[in-house]
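[1] Okay, here's the prediction I keep looking at, along with the sequence it came from:
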Amino acid sequence: MALALVAGGLVLGVGTAVTLAVWNDSEFVTGAFGAGSFDLEGSTDGVAFSSSPVAPGKTLTFELDADTLAPDDVVYAPFAVQLSAASTNEAAVTVENAIGGPIGDDLTYSLWVEDAFGATCSAATPPSGTAVFVDRAAGATGVVDAFELDAAADPVNLCFVVTAGDIAQGEDGTITWEFAGTSGDPLP
């Protein structure tokens, strides 16, 4: 009889363990994560945009021959900057320049934000938009706040105005501009 009670207790214990297991429950949740994208693109014609993440980048086409300057000559070149269509965040854009060659010490430049690409970026129709800066020495160093980009594939049209100072015959060189974007709020 004692054996029957022990056997019954074992069966009862196993049944209790099974009953307790029925009351256990779990709930899972998974978050999916990925990084957005952020890409500045430039254009020298206002139509074809691409990234040039390393210097020297794209080559500006100036209205006059920028390689045959004389003192006091002024040359104009349009440029546009936008966020790529795949970008997910707004951008605060800065500009910084570096010169190469001796002529850079004798040049100044201005940068204007214009309504339409190239429409007001020549001697005949000088820029009339918003000046980012005026007559900055090409040899100046430091970063300048330029503009905000708050929509993908919506370019900011620019006009570079470069003025020759007291340049010497035979001088040459380059100015390289870097437009750098810092990501901001997510795009709507």
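    Happy to help now that I have it.

[2] how about the helices of the chain, start to end?
    Using DSSP state H, the helices of the chain run over residues 2-22.

[3] tell me the strands in it, going along the chain?
    40-43, 74-83, 89-100, 107-114, 130-137, 144-149, 156-164, 174-186 (DSSP state E).

[4] Now those strands in TSV, please, with extra columns for distance to Ser50, mean pLDDT and mean neighbour count.
    (Glycine included, C-beta is placed from N, CA and C.) Below are these laid out as TSV (distance: least, C-beta to C-beta, whole Å; pLDDT from 0 to 100; neighbours: other C-beta atoms under 10 Å):
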stretch	distance to Ser50	mean pLDDT	mean neighbour count
strand 40-43	6	94	19
strand 74-83	11	96	22
strand 89-100	17	94	18
strand 107-114	21	96	20
strand 130-137	22	96	14
strand 144-149	16	96	16
strand 156-164	16	96	21
strand 174-186	13	94	15
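
[5] Tell me which of those strands sits nearest to Ala124.
    strand 74-83 (9.5 Å; C-beta to C-beta).

[6] which helices and strands sit right next to that closest one?
    Contact analysis of strand 74-83 by 3 or more C-beta pairs under 8 Å, 6 or more residues apart in numbering; DSSP states H and E lists strand 40-43, strand 89-100, strand 144-149, strand 156-164 as its packing neighbours.

[7] can you list these in a markdown table and add distance to Thr30?
    Output for the helices and strands packed on strand 74-83, formatted as a markdown table (distance: least, C-beta to C-beta, whole Å):
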| stretch | distance to Thr30 |
| --- | --- |
| strand 40-43 | 34 |
| strand 89-100 | 25 |
| strand 144-149 | 34 |
| strand 156-164 | 40 |
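
[8] so which of the ones you listed comes closest to Pro186?
    Nearest to Pro186, of these and by C-beta to C-beta, is strand 89-100 at 5.6 Å.

[9] Okay, now the sheet partners of the closest one, with direction.
    Paired neighbours of strand 89-100 in the sheet (DSSP bridges): strand 144-149 (antiparallel), strand 174-186 (antiparallel).

[10] Need the residues that contact the last one.
    Residues from elsewhere that reach strand 174-186, judged by C-beta atoms under 8 Å, 6 or more residues apart in numbering: 36, 38, 40, 42, 55-57, 81, 83, 88-101, 104, 107, 109, 138, 143, 146, 148-149, 160, 162.
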